[in-house]
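Novice: missing the sequence, but the structure's below:
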């Protein structure tokens, strides 16, 4: 914003000088052309600013482009690509008629109560011949009934035994009693199921502790937010050693990693630039077909009071594999091989597209860039379920020519556009990131964008909208650990509540094996 303000001020000064010179002594033909060009550029720049302000206030925030998830159009790729901007953007995005989804069936394993709505016995007689009617079928309509959450108390009784004879004789004899059963939270009535419910409610579904306090009060259970907060921090400390640190070591052994970050306000921390960083590896989903030996689906969050480059350096511990990130300078000092994010480049052109004056039917450079990037995404749609080797081969065949054409267009456009225009800034950003943006073609394990990390950040961002801030750094660190457990469970196809309860139940057993608690080794009914 400051750079934009500086540019505007400089333009005002240049135009003022030309106008002053014109008023005093007149302008030559070339100087008049220069003044006209400067005024035209300023007018266009102000129109872009106005269009962007209008869009920010009234426009939709979605970046989704038409046809983004449509199947790859092979015929279009075989056709010879034009060297310059297409005349009609509509030709690039074919419409696909989608089938209406069938209504979903309720799970068959849910408890069911059958209510039969039968006709009266007198109506089971044929009106014509008076013979008895027989049943020719039954129509079944399913309705889903919700039963509010319930709680129960588990009482652990430990009988105590002593010797009567020794008592009479005054002989000291110890009382015999079964040992206190292991507990996830000693000296409290917390159980794995209760703690799991509190944690998943807050960190999976964004329900703050004060609201949970009100929910428990509705079933006449006094459970203060202070008590729940203490439990959450203690459980996070346990899970940090049991799961988080092993996952961290495994993550650093992966060949491909992704990272992103988002701001976090910590009340007790005077630093206003606290960040929650997220690092992840593995497939885009538990059902992803891109397989690699020893690759694990892991999502780790880390709280840091700053966004400085030392944060990823400390977390990565000399990691030198591929690291897919946005264009922020925080990652440049790491030893990783940085991979860019095409979604960020596309976002710049989408912003430039919003700058455009409404009502114009002309295909602009921003339109062309967005549709050309869309062709790269179509290749990714084609290869999303293929092997690593197949992905690499098809990218060499189809994506690299598209990237070469894009680079030629960017170099040409950079000489034609005003640097501070919306499209000019998008072109400059893309060129600055170019080497990182095309690196995904080097390895079939890599992605065109870093959207998986952005999706991993989103649950934290949604939760933050509900609880707004963390009170202390300890709370922020606990949040990082618990978000990591929840999202890693989901990434491995597990229900977070079930997985968390399983881990807490097994962790209090004397012979607990940490390796058996890894989500890829756990099978839950």
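Specialist: Alright, I've got the coordinates. The model shown is predicted, which means the values in this text are computed figures rather than measured ones.

Novice: ok, and the closest non-adjacent residue to residue 323?
Specialist: Residue nearest to residue 323 in three dimensions, not counting chain neighbours: residue 336, with 3.5 Å by CB to CB, 6 or more residues apart in numbering. Placement of C-beta: from N, CA and C, glycine included.

Novice: for that neighbour, the count of nearby residues, please.
Specialist: Other residues within reach of residue 336, judged by other CB atoms under 10 Å, total 20.

Novice: likewise residue 105?
Specialist: Based on other CB under 10 Å, the number of other residues close to residue 105 is 7.

Novice: ok, now which ones touch it?
Specialist: residue 142 (CB atoms under 8 Å, 6 or more residues apart in numbering).

Novice: check residue 298 too.
Specialist: 247, 250-251, 254, 280-282, 488, 491.

Novice: one more time with 10 Å, if that's ok
Specialist: For residue 298, the contacting residues are 243, 246-248, 250-251, 254, 257, 279-282, 484, 487-488, 491-492, 518-520, by CB atoms under 10 Å, 6 or more residues apart in numbering.

Novice: again, but for residue 148
Specialist: Residue 148 neighbours (CB under 10 Å, 6+ apart): 215, 218-219.

Novice: that one: helix or strand, and which one exactly?
Specialist: Residue 148 is part of no helix or strand when elements are defined by DSSP states H and E.

Novice: ok, it to residue 106 distance?
Specialist: Summarising the geometry, the distance separating residue 148 from residue 106, computed by CB to CB, to the nearest Å, is 19 Å.

Novice: do residue 498 as well
Specialist: 20 Å.

Novice: comparing those two, which residue is more hemmed in?
Specialist: residue 498 (15 against 10).

Novice: okay, now the domains of this protein?
Specialist: 237-339+452-521, 342-356+363-442 (automatic domain parsing).

Novice: and stretch 190-205, what's buried?
Specialist: For stretch 190-205, burial by neighbour count (16 or more other CB atoms under 10 Å) applies to 190-204.

Novice: same check on stretch 333-350?
Specialist: Of the residues in stretch 333-350, 334, 336-350 count as buried by neighbour count, 16+ other CB under 10 Å.

Novice: from the residues you listed, which is closest to residue 364?
Specialist: residue 349 (9.7 Å; CB to CB).

Novice: least trustworthy helix or strand in the chain by mean pLDDT?
Specialist: When the helices and strands of the chain are compared on mean pLDDT, DSSP states H and E, helix 74-78 comes out lowest with a mean of 35.

Novice: before we move on, the earlier item: among the contacts of residue 298, which lie within strands?
Specialist: For the contacts of residue 298, the ones inside strands are 257, 279-281, with DSSP state E as the criterion.

Novice: include neighbour count and distance to residue 382 when you put the residues you listed into a markdown table, please.
Specialist: Output for these, formatted as a markdown table (neighbours: other CB atoms under 10 Å; distance: CB to CB, whole Å):
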| residue | neighbour count | distance to residue 382 |
| --- | --- | --- |
| 257 | 23 | 25 |
| 279 | 28 | 29 |
| 280 | 28 | 24 |
| 281 | 26 | 24 |
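
Novice: for those, which one is nearest residue 266?
Specialist: The nearest member of the ones in strands among the contacts of residue 298 to residue 266, counting by CB to CB, is residue 279 at 20.1 Å.

Novice: so what's the closest one bridging to?
Specialist: When bridges are assigned using DSSP bridges, the partners listed for residue 279 are residue 259, residue 300.

Novice: residue 244 is in contact with that one, correct?
Specialist: No. Counting by CB atoms under 10 Å, residue 279 sits too far from residue 244 to count as a contact (11.6 Å).

Novice: mind listing the shared neighbours of those two?
Specialist: Residues touching both residue 279 and residue 244 (CB under 10 Å, 6+ apart): 300-302, 484.

Novice: give me the below-cutoff pLDDT ranges for the stretch 1-150 of the chain.
Specialist: Applying pLDDT under 70 to the stretch 1-150 of the chain picks out residues 1-35, 37-103.

Novice: at 80 instead, please
Specialist: With pLDDT under 80 as the threshold, the stretch 1-150 of the chain has low-confidence stretches at 1-104.

Novice: and stretch 170-177, how far apart are its ends?
Specialist: Its start and end residues considered, stretch 170-177 measures 20 Å (CA to CA, to the nearest Å).

Novice: residues making contact with it?
Specialist: Applying CB under 10 Å, 6+ apart, the set of residues contacting stretch 170-177 from outside is 158-163, 165-167.

Novice: can you list the buried residues in it?
Specialist: Here stretch 170-177 shows no buried residue, counting by 16+ other CB under 10 Å.

Novice: can you report how many residues lie near the spatially closest residue to residue 394 that is not a sequence neighbour?
Specialist: Taking CB to CB, 6+ apart as the measure, residue 394 lies nearest to residue 383, with 5.1 Å between them; neighbours along the chain are not counted. Residue 383 is surrounded by 19 other residues when neighbours are defined as other CB under 10 Å.

Novice: and for residue 282?
Specialist: The burial count for residue 282: 24, using other CB under 10 Å.

Novice: now swap in residue 435 and tell me
Specialist: Should you count by other CB under 10 Å, residue 435 turns out to have 11 residues around it.

Novice: three-state assignment of residue 372?
Specialist: Per DSSP: H, G, I helix; E, B strand; the rest coil, the secondary structure class of residue 372 is helix.

Novice: from memory it sits against residue 401, does it?
Specialist: No. Contact criterion CB under 10 Å: residue 372 and residue 401 do not qualify, at 11.5 Å.

Novice: more crowded one of these two?
Specialist: residue 372 (20 against 12).

Novice: excluding chain neighbours, what is closest to that one?
Specialist: Closest residue to residue 372 in three dimensions, ignoring its sequence neighbours and counting by CB to CB, 6+ apart: residue 406, at 5.6 Å.

Novice: that neighbour falls within a helix, correct?
Specialist: Yes. Assessed by three-state DSSP, residue 406 belongs to a helix.

Novice: ok, it to residue 349 distance?
Specialist: Applying CB to CB, one obtains 11 Å for the distance of residue 406 from residue 349.

Novice: quickly note the distance from the residue positioned nearest the centre of the chain to residue 327.
Specialist: For the chain, residue 455 is the residue whose C-alpha lies nearest the centre (CA atoms, centre = their mean; 1.2 Å). Separation of residue 455 from residue 327 (CB to CB): 19 Å.

Novice: rewinding a little: any common contacting residues for residue 406 and residue 349?
Specialist: Counting by CB under 10 Å, 6+ apart, the residues touching both residue 406 and residue 349 are 368-369, 372-373, 430.

Novice: can you name the element that comes right after the one helix or strand residue 217 maps to?
Specialist: Using DSSP H and E, the secondary-structure element containing residue 217 is helix 209-218. Scanning forward in sequence from helix 209-218 by DSSP H and E, the next helix or strand is helix 225-239.

Novice: which helices and strands does that next one pack with?
Specialist: helix 192-203, helix 209-218, helix 473-491, helix 496-507 (3 or more CB pairs under 10 Å, 6 or more residues apart in numbering; DSSP states H and E).

Novice: the spatially closest residue to residue 439 that is not a sequence neighbour bridge partners, please.
Specialist: Of all residues beyond its chain neighbours, the one nearest residue 439 is residue 339 (4.8 Å), with distances taken as CB to CB, 6+ apart. Beta bridges link residue 339 to residue 324 when assigned by DSSP bridges.

Novice: wait, residue 339 sits on residue 327?
Specialist: No. Using CB under 10 Å, residue 339 is not in contact with residue 327; the gap is 11.3 Å.

Novice: mutual contacts of those two, please.
Specialist: Once CB under 10 Å, 6+ apart is applied, the residues that residue 339 and residue 327 both contact turn out to be 436-437.

Novice: what would the domains of the chain look like in CSV with distance to residue 144 and mean pLDDT?
Specialist: Rendered in CSV, the data for those read as follows (distance: least, CB to CB, whole Å; pLDDT from 0 to 100):
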stretch, distance to residue 144, mean pLDDT
domain 237-339+452-521, 19, 84
domain 342-356+363-442, 34, 92
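
Novice: for residue 391, give its distance to residue 372.
Specialist: Look at residue 391 and residue 372: by CB to CB, they are 20 Å apart.
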